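Trainee: attaching a predicted model along with its sequence, questions to come.
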6 protein chains.
Amino acid sequence: MRQSGRRPDELRQVQIVTDFVKHPEGSVLISVGDTKVICNASIEDRVPPFMRGEGKGWITAEYAMLPRATEQRTIRESTKGKISGRTMEIQRLIGRALRAVVDLDQLGERTIWIDCDVIQADGGTRTAAITGSFIAIVLALSKMVEKGELKELPVTRFLAATSVGIVREHGAILDLDYAEDSIAEVDMNIVMTSDGQFVELQGTGEEATFSKEQLFKLLELAESGIRQLFEFQKEALGDLAEKIGENFEEKKEEQS
Amino acid sequence: MRQSGRRPDELRQVQIVTDFVKHPEGSVLISVGDTKVICNASIEDRVPPFMRGEGKGWITAEYAMLPRATEQRTIRESTKGKISGRTMEIQRLIGRALRAVVDLDQLGERTIWIDCDVIQADGGTRTAAITGSFIAIVLALSKMVEKGELKELPVTRFLAATSVGIVREHGAILDLDYAEDSIAEVDMNIVMTSDGQFVELQGTGEEATFSKEQLFKLLELAESGIRQLFEFQKEALGDLAEKIGENFEEKKEEQS
Amino acid sequence: MRQSGRRPDELRQVQIVTDFVKHPEGSVLISVGDTKVICNASIEDRVPPFMRGEGKGWITAEYAMLPRATEQRTIRESTKGKISGRTMEIQRLIGRALRAVVDLDQLGERTIWIDCDVIQADGGTRTAAITGSFIAIVLALSKMVEKGELKELPVTRFLAATSVGIVREHGAILDLDYAEDSIAEVDMNIVMTSDGQFVELQGTGEEATFSKEQLFKLLELAESGIRQLFEFQKEALGDLAEKIGENFEEKKEEQS
Amino acid sequence: MRQSGRRPDELRQVQIVTDFVKHPEGSVLISVGDTKVICNASIEDRVPPFMRGEGKGWITAEYAMLPRATEQRTIRESTKGKISGRTMEIQRLIGRALRAVVDLDQLGERTIWIDCDVIQADGGTRTAAITGSFIAIVLALSKMVEKGELKELPVTRFLAATSVGIVREHGAILDLDYAEDSIAEVDMNIVMTSDGQFVELQGTGEEATFSKEQLFKLLELAESGIRQLFEFQKEALGDLAEKIGENFEEKKEEQS
Amino acid sequence: MRQSGRRPDELRQVQIVTDFVKHPEGSVLISVGDTKVICNASIEDRVPPFMRGEGKGWITAEYAMLPRATEQRTIRESTKGKISGRTMEIQRLIGRALRAVVDLDQLGERTIWIDCDVIQADGGTRTAAITGSFIAIVLALSKMVEKGELKELPVTRFLAATSVGIVREHGAILDLDYAEDSIAEVDMNIVMTSDGQFVELQGTGEEATFSKEQLFKLLELAESGIRQLFEFQKEALGDLAEKIGENFEEKKEEQS
Amino acid sequence: MRQSGRRPDELRQVQIVTDFVKHPEGSVLISVGDTKVICNASIEDRVPPFMRGEGKGWITAEYAMLPRATEQRTIRESTKGKISGRTMEIQRLIGRALRAVVDLDQLGERTIWIDCDVIQADGGTRTAAITGSFIAIVLALSKMVEKGELKELPVTRFLAATSVGIVREHGAILDLDYAEDSIAEVDMNIVMTSDGQFVELQGTGEEATFSKEQLFKLLELAESGIRQLFEFQKEALGDLAEKIGENFEEKKEEQS
């Protein structure tokens, strides 16, 4: 039994509030245990300079933590005047992950800005941010479909993320909270789609290493957790959930 | 009648959630109409270098807006790498205002960090931040009293703030929302204490000017609004409200 | 009697040198007691991006102090690589104040850059900067009228500023020098026009508060000081003084 | 056959020059095909503030590319005044990877600075940097052993890295050059130790996804490549190769 | 005849106002033609970290131009957030030049800060800054001698600087103004001491070159100009001029 | 005899490797003793904004040192977020020097970017950078002539640079290494062309001064060293050496 009373393969409690803030096209507050992230999606009618004229869309993500999202107050990155390596790494990860399930050609020359602001942190903020942002994007794009700006929802599959890790006393465990993360010897973030494919896989031995067998065990755990997250996403999206990936299978066949 | 249906001297709906986030010593979510600000107070056991050795405390504030707190997405100040003049002005205002009602000698060599993060903006974010931060500070200091780190609550009076302004079609109005603020000819932020004193008064003619008579009218409106805000603060603080200013009158007499 | 021998309602000695530096369109050295500020006005034939196409002008101000304007050498903001909150606040104040008395529609799509560089500081630098910059702007705009680039002087009224404050031993006093400012409990900067209107009013209790009665006393003192400053401005401007606000009254009537 | 004439499981030509530059404690020029990286290791007799007093060492890495390491000139990060997200991600990866095979307790309160400067880039710069830096560290630490500053070489195992990926026309391939990397649908960087353990595993579907089967194929390819890289490292290190991991097995047993 | 009516070997009019600003230990306004520079010297009772414990002093210089010192307004370096290469080069030059004539051992562990602020520019600002700063330093150090903080004036010789150049139509000329500087093919700044020695010599062919004969002609011109500048310095310093280099000759003999 | 065994007028060993890196249009590794600099020349088909429309080319240089080019590791300027004064001074010097021997009109609206990266430093890095960059530029421009993008090589003369200095025990010496540079009383960098003209001359008394006689001796030494450097450049360029300055003499006559 973990300190929280969870089984090794048990997710924390997940809660998803849609339309949390009023201005953004898509807005979500996701809670995974005590980790709480506001995920807002904004649509901009142009793409960054390096993509202009290609007729294709783009997704870019920004991530930040309120100073007291953490136990100890952290200095604001705006006050320091620069963004840390950790923040940059997370922003790049979130953007890449979401681009894998949005049909950027269908989106056209538009940018989706994802803003993930952690208001309370207890481990797994980056994976919660991905899971929540997926919903915010679907909400934002649905409004465009409603207004006739897009013919159909350009979202090919569900996408969610979780962390797994190896902790000396428990072995492989799912969905680490901050206390577990701090003592984990191996730490892995995994992003998957609803058709069982990997999008991102980042495993790190923290001054430690891991074997192929351990890797396989971790992948299995992650997959089971992510399948549960898809169910929370479906519930939060209601009817919209059915629009996802509508024509994905035919398109995929056409392409191959 | 204003567009919102409010009378000229009517506040927007005020809601105060205490203990909104779990880590900070004091945490408040304040809503004033559609303006929503998270106000967190953190206690640090030292003061900035320029105050060391004086045996006195300090209060410093930081203010930020989530990119989609606003109708149009604004660029993060961490991404720009610098803090705007507007942000600095607001941070300095919040800090100064709160220092007027906390007995810094009694606080001892500690810093109270106030973090005001606007998650939804509709005008009056700086005054909502002051009104909410006052409660966050009382919550944080009460915990210190409970733990015996302070003998009594070093808060001398209630403190709240609101905005007033002159709009061509309505004349002087109380608690401007964003739409009203955009067309106001005169805009004034006022911070007052529960014994009817001014702490800050910032009146600006936006490419316009105002007469002494208009000023008096605005001051009167502000005072009536701030009196109502004290009631919301008292309700949010419950029993703690009675501890405020407990020994203030005697001390004041001693000083004079 | 104040340390300087001044009465509570007495201004320091004021001296205004026009055409102090040769390149700017308008250049003034203003001395208020030992405070000395070079105020230069430059005209640029375009407006910032956010105002393009509106047919309207803009005024923007920058403020700086030489490192040894002060008793202790201060670090250059260029060396630190960023501008302090205090500087930003002052720059924004100067710009806003001057925009209130220049008819920006008549100015057309031009920017007036105001550069206020304090070469010697003894309190009241921001108010001296406003009083001096008003003259620099009039000088710069007059040259445009002379050259036929503007039909008439787009300046509606005189504008000047001073500080007032409450010091324990003297009560309310006018035009604080640095020593007085350091011990003032209340500090107020007031910007007024020659028709007796307020443009800016910034009152701050420095870890203190002030009553409505004290506020009224301060406003009265400020007004008497500013009226004297208008006389110094008129003298410095000579014949140009008569061109100010020439058609202001008729226009005001048309508008209402 | 790949454009370069290589088989899918074929590494590029590897060349390792030791003592490439004269000042650093350890200096290596590694070439993997046309990718050339200077890896320098410097020993500093203190650790960063957050580690002081723990009696443990630290390894930190910096990575940069000369502007014309690439086909198109890239702007220097010193000129831009900030480090890109990509650079930060790579620096963090290199540091983490190397920390897994150096016994930081045995190192004592010292920092090893790794500087990886890419002088010519053709894909796989970060994995070449890791493979080369491992040698630079061994060279630097050996000198400390020689001088008696360390009793034995605190390096537990060999460490090397390579990239694998999936390219539409070739399927899974080993050690991608820049042209292959640009068209790869899946891109994975893998860091392994000589006892067959993973240290880092970063797999990314570039706007694509990958199945568990594809993952397994990629891991196999990577392992075969990394085994060859260990041979090149051994050759470059000569007699020093035998000192690596001397007491690792016993220590490991003691620990468990 | 030059456009200004000057002969090729004629300096511009030089004017030196001492004690220009009240706070600095030494303060000078130097005018060389239309170039006007405020030179302030401040004494700080410590040296930069790299010099601590050596018992020796240091001189460091900062240089800036007011935005409208120039015909076209230039952007403030504080606004840009960084100092230009030109500014850095000038600051380093001024500091180096002055260190050559101050006995840093006699100065003890103190820093002299030189602030050169150009309020009006018409060519030759860096050489005017050196000539003026020399006087500011002597004034500041004299006060220390008066107060008994130094036994004697640690200034070994007079120091002044000028520019010379080659302009197609006039050949070699002395003390170039801005218009001449803009068309000069060769531009040289020369710093000399009153015993006829060079301290700095910076000659640049601007997309041009110069022969040894031309160099000799320029050196001769510069020397004659600098000799005249020494006379202006002596006049400005009055009695203090005689204290300069008092024991320099004996010391020099002792050293050799 | 100098510590290195060199005579006062003896250059260090010079080695020039052309085409050192594969991507740049011109690439050179120059070694002068233990100083090693990679000099890359890149051609860009546009000029900086301030030169557009003039039909003329531009040359700009960037200079950096690898952190362990030096005995003690130096912090990367990208990490510090700003470029030092020393670096800026060197970059400006290299750019100016090279512009003197390239016919910028003939080059047309193109920029040549020179990147000088010091991989090992032992004094004289800036002069080695100039001598090496000259060759890199010739290589880059020759390719343009080959491709028909330029009619003839727009290089008017050879250009090389060296340092000379005065060291107490040896007097005037040529081509100072780091140890000599550290104790030199006078330090001079000289850039000359193959027709015996000066381009740059930067002489500095380091807390010392120098006489006209010493200057003449230094110039003579420098000239003899630079003549030898021209021979190394000719050898490195092979047949290309003959194309340099082909039509320079006629053009010069036309111009005069």
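Mentor: Thanks, I have the structure now.
Trainee: distance-wise, check A:Arg96 relative to B:Pro67.
Mentor: A:Arg96 sits at a distance of 20 Å from B:Pro67 (criterion: C-beta to C-beta, to the nearest Å). (Each C-beta comes from the backbone N, C-alpha and C, glycine too.)
Trainee: who's more crowded, those two?
Mentor: Comparing A:Arg96 with B:Pro67 by neighbour count (other C-beta atoms under 10 Å in any protein chain shown), the higher total belongs to B:Pro67, at 22 against 19.
Trainee: how about the residues of the stretch 1-150 of chain A near chain F?
Mentor: The interface of the stretch 1-150 of chain A toward chain F, taken as C-beta under 8 Å from any C-beta of the partner chain, is made up of A:Lys82.
Trainee: quick one: the helices in the stretch 1-150 of chain A?
Mentor: Here the stretch 1-150 of chain A has its helices, by DSSP state H, counting those that start in this stretch, at A:77-80, A:85-99, A:104-107, A:125-146.
Trainee: is the first one anywhere near chain C?
Mentor: No. Where contact is defined by C-beta under 8 Å from any C-beta, no part of helix A:77-80 touches chain C; the two come within 10.8 Å at best.
Trainee: ok, that helix near chain B or not?
Mentor: Yes. Helix A:77-80 is in contact with chain B by C-beta under 8 Å from any C-beta, via A:77-80.
Trainee: just the buried ones from the residues you listed, in PyMOL syntax?
Mentor: In PyMOL syntax, the buried subset of the residues of helix A:77-80 next to chain B is picked out as below (16 or more other C-beta atoms under 10 Å in any protein chain shown):
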select buried, chain A and resi 77+78
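Trainee: closest to A:Gln91 out of the residues of helix A:77-80 next to chain B?
Mentor: Ranked by distance to A:Gln91 (C-beta to C-beta), the residues of helix A:77-80 next to chain B are led by A:Glu77 at 11.3 Å.
Trainee: is A:Arg99 in contact with D:Glu207, as I believe?
Mentor: Yes. Using C-beta atoms under 8 Å, A:Arg99 is in contact with D:Glu207, at 5.3 Å.
Trainee: okay, those two: which has more neighbours?
Mentor: Taking neighbours as other C-beta under 10 Å, A:Arg99 and D:Glu207 compare with A:Arg99 leading, 21 against 16.
Trainee: need the pLDDT of that one.
Mentor: Looking at A:Arg99, its pLDDT is 96.
Trainee: which residues touch it?
Mentor: A:58-59, D:207 (C-beta atoms under 8 Å, 6 or more residues apart in numbering or on different chains).
Trainee: can we see that at 6 Å?
Mentor: Shown in contact with A:Arg99 (C-beta atoms under 6 Å, 6 or more residues apart in numbering or on different chains): A:59, D:207.
Trainee: the one 3 residues further on now?
Mentor: Contacts here follow C-beta under 6 Å, 6+ apart; on that basis A:Val102 touches A:154-155.
Trainee: and it, bridged to which residues?
Mentor: Beta-bridge pairing for A:Val102 (DSSP bridges): A:Val155.
Trainee: for chain F, see how far away it is.
Mentor: Distance check for A:Val102 against chain F: by C-beta to the nearest C-beta, to the nearest Å, it reads 34 Å.
Trainee: next one: A:Gly57
Mentor: If you measure A:Gly57 against chain F using C-beta to the nearest C-beta, the figure is 30 Å.
Trainee: what is the burial count for the spatially closest residue to that residue that is not a sequence neighbour?
Mentor: The shortest distance from A:Gly57 to any non-neighbouring residue, by C-beta to C-beta, 6 or more residues apart in numbering or on different chains, is to A:Leu107 (3.1 Å). Using other C-beta under 10 Å, A:Leu107 has 23 neighbouring residues.
Trainee: how about A:Gln214, nearest residue that isn't a chain neighbour?
Mentor: The nearest residue in space to A:Gln214 (C-beta to C-beta, 6+ apart) is A:Ile166, at 6.1 Å.
Trainee: next, the angle helix A:85-99 makes with the helix or strand harbouring that neighbour.
Mentor: Applying DSSP states H and E as the criterion places A:Ile166 in strand A:159-167. Between strand A:159-167 and helix A:85-99, the angle comes out at 140 degrees (axes from the mean of the first three to the mean of the last three C-alpha atoms, to 10 degrees).
Trainee: what pLDDT, on average, does the very next helix or strand once past strand A:159-167 get?
Mentor: Sequence-wise, the next helix or strand downstream of strand A:159-167 (DSSP H and E) is strand A:171-174. The predicted model assigns strand A:171-174 a mean pLDDT of 96.
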